[in-house]
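> Predicted model, plus sequence, below.
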Amino acid sequence: MAERDDLASSVEDGIITPQQADAIRARRAARDEPFRLVSNFGDVFLCIGLLFVYWSRGAFLRIADLPPLWVHAGFAALFWLIAEFFVFGARRKFPAVAAIALFVLSVHRVAEQYLGGISLFDLAVAYSGALDVGIRPVEHLWVVTLALLAALVRFRQPIVVLGLGLCITLLAFAYARETMAETPARLVFVACGATFLLLGFALDMKDKARTGIWHEWAMWLFVLGSPLTVHPLFLGLIGEQLAAARVDSFNDFVRLDLEGLIWAVALLAAAFSLLGLLIDRRSLVASTLLYLSAILTYATLRSGLGLSTAAAVVPLTIGVLVILLGAGWDHARAALLRIVPFRRAFRPAHFDR
């Protein structure tokens, strides 16, 4: 497959015309969505250097006769400038994303000087019950959110929406838990996830061929929105059933008659998988695999084959299904689109383009 630079140089050398180059690009785009985060090992090499620079921060804190706040702020400014170079100068996407991530981490360290020490992982679980609820985790989340928002506005790297969207979701969840019961508050994750999916779908509609930049923004919105939508629904459904059955041990779980729950989970997984096929987004299908694995594991245990057999059979079955679906994705989409009455609303199947 010819690279873009090869096509441009071929046009310059008069080997092909610009129209022919555009036709080649269009044909390639119809077969493969344009997405590239890592161009070559040089990008990885640059990221290794960035990590060493970040690790040197600890040494500066020990040897430099400067307040920790100044050190963290200095490294935040340094990584911002590095991101400026990689985005607008060298145009290296992966090192740019790494520099942005290290900038956000450095800003978080600055916030720690005012708000107290708390890790980014603690921020993610602060409102799940694992930590005491307080205002300081929310303040930390606001700092990280604003840092990500500034980076997104300035550098326009689509992958930043992963972190920004997650922070916005956690903030919404934090405030919801302060005003409503825990179970309804968890539906905030579903609402945020569904919002991200709708935004991704809207961007897909702007570029059904997925040859432009909107595709990459939509892809990351789907990567974020799919688990945020799927996991709370499945976990809520399973959790309520197990709580009602008062399961105290693994043996009690195996002896439960969960046929209704199995069908509910299977139908929900099938619905998300069909939706993923319709809109041509595999992230929705991938988000259901954990629950399909749980169904198969439970069925295997109930059949009396034992845990060892389940541990061998279930991964094999799921793996084969994923491989078959991945290899026949275009054929499956084409077959599905032939039977839905509103197929024009979705991206055409590969065979129809």
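Here it is on my side, so go on.
> Every contact and neighbour count from this point should use C-alpha atoms.
Will do.
> pLDDT wise, what is Leu81 at?
Per-residue confidence at Leu81 stands at 97 (pLDDT).
> try the one 3 residues further on
As summarised for this prediction, Glu84 has a pLDDT of 95.
> for it, what are its contacts?
96, 155 (Cα atoms under 8 Å, 6 or more residues apart in numbering).
> so it is in which element?
helix 68-84 (DSSP states H and E).
> residues near Ala181, how many?
Residues near Ala181, counting by other Cα atoms under 10 Å, number 10.
> brain fart, Trp55
11.
> Could you list the low-pLDDT ranges of the stretch 201-350 of the chain?
Scanning the stretch 201-350 of the chain for pLDDT under 70 picks out 239-259, 349-350.
> one more time with 50
250 (pLDDT under 50).
> The lengthiest helix in the chain: which residues count as buried?
If you go by DSSP state H, the chain has its longest helix at helix 213-245. The neighbour-count check on helix 213-245 (16 or more other Cα atoms under 10 Å) flags 214-234, 238, 242 as buried.
> if we can go back for a sec, what separates the helix holding Glu84 from the chain centre, distance-wise?
With Cα atoms, centre = their mean, to the nearest Å as the basis, helix 68-84 stands 27 Å off its chain's centre.
> could I have it exported to PDB, CA atoms only?
What follows is helix 68-84, C-alpha atoms only, in PDB (Å, rounded to 0.1, in the frame of the first residue of the first chain):
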ATOM      1  CA  PRO A  68       8.000  22.300  45.300                       C
ATOM      2  CA  LEU A  69       5.300  24.400  43.700                       C
ATOM      3  CA  TRP A  70       7.800  26.100  41.500                       C
ATOM      4  CA  VAL A  71       9.300  22.800  40.400                       C
ATOM      5  CA  HIS A  72       6.000  21.300  39.400                       C
ATOM      6  CA  ALA A  73       4.900  24.500  37.700                       C
ATOM      7  CA  GLY A  74       8.100  24.600  35.800                       C
ATOM      8  CA  PHE A  75       7.800  21.100  34.500                       C
ATOM      9  CA  ALA A  76       4.100  21.800  33.600                       C
ATOM     10  CA  ALA A  77       5.300  24.800  31.500                       C
ATOM     11  CA  LEU A  78       8.100  22.700  30.000                       C
ATOM     12  CA  PHE A  79       5.800  19.900  28.900                       C
ATOM     13  CA  TRP A  80       3.400  22.500  27.400                       C
ATOM     14  CA  LEU A  81       6.200  23.900  25.300                       C
ATOM     15  CA  ILE A  82       7.200  20.400  24.200                       C
ATOM     16  CA  ALA A  83       3.700  19.700  23.200                       C
ATOM     17  CA  GLU A  84       3.700  23.000  21.200                       C
END
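> Point out the other helices and strands that whichever helix or strand comes after that helix packs with.
Using DSSP H and E, the helix or strand that follows helix 68-84 in sequence is helix 93-115. Judged by 3 or more Cα pairs under 8 Å, 6 or more residues apart in numbering; DSSP states H and E, the packing partners of helix 93-115 are helix 41-63, helix 68-84, helix 135-155.
> contacting residues around helix 93-115?
Against helix 93-115 from outside (Cα under 8 Å, 6+ apart): 37-39, 43-44, 46-47, 50, 54, 68-69, 72-73, 75-80, 82-84, 86-87, 118, 136, 139-140, 143-144, 147-148, 151, 157, 159-160.
> Can you say which of these are buried?
Looking at the contacts of helix 93-115 with 16+ other Cα under 10 Å, the buried ones turn out to be 43, 46-47, 50, 54, 68-69, 72-73, 75-76, 78-80, 82-84, 86-87, 118, 136, 140, 143-144, 147-148, 151, 157, 159-160.
> from what I can see Pro158 touches Leu224, true?
No: using Cα atoms under 8 Å, Pro158 makes no contact with Leu224, being 11.7 Å away.
> circling back to that earlier point, okay, the angle between the helix holding Glu84 and helix 135-155?
If you take axes from the mean of the first three to the mean of the last three Cα atoms, to 10 degrees, helix 68-84 sits at 30 degrees to helix 135-155.
> now helix 68-84 and helix 93-115, what's the angle there?
Going by the same axes, to 10 degrees, helix 68-84 makes 160 degrees with helix 93-115.
> got the angle for helix 68-84 vs helix 41-63?
170 degrees.
> Would you mind measuring from His140 to Thr229?
25 Å (Cα to Cα, to the nearest Å).
> got it, and Gly326?
Taking Cα to Cα, one finds Gly326 at 22 Å from Thr229.
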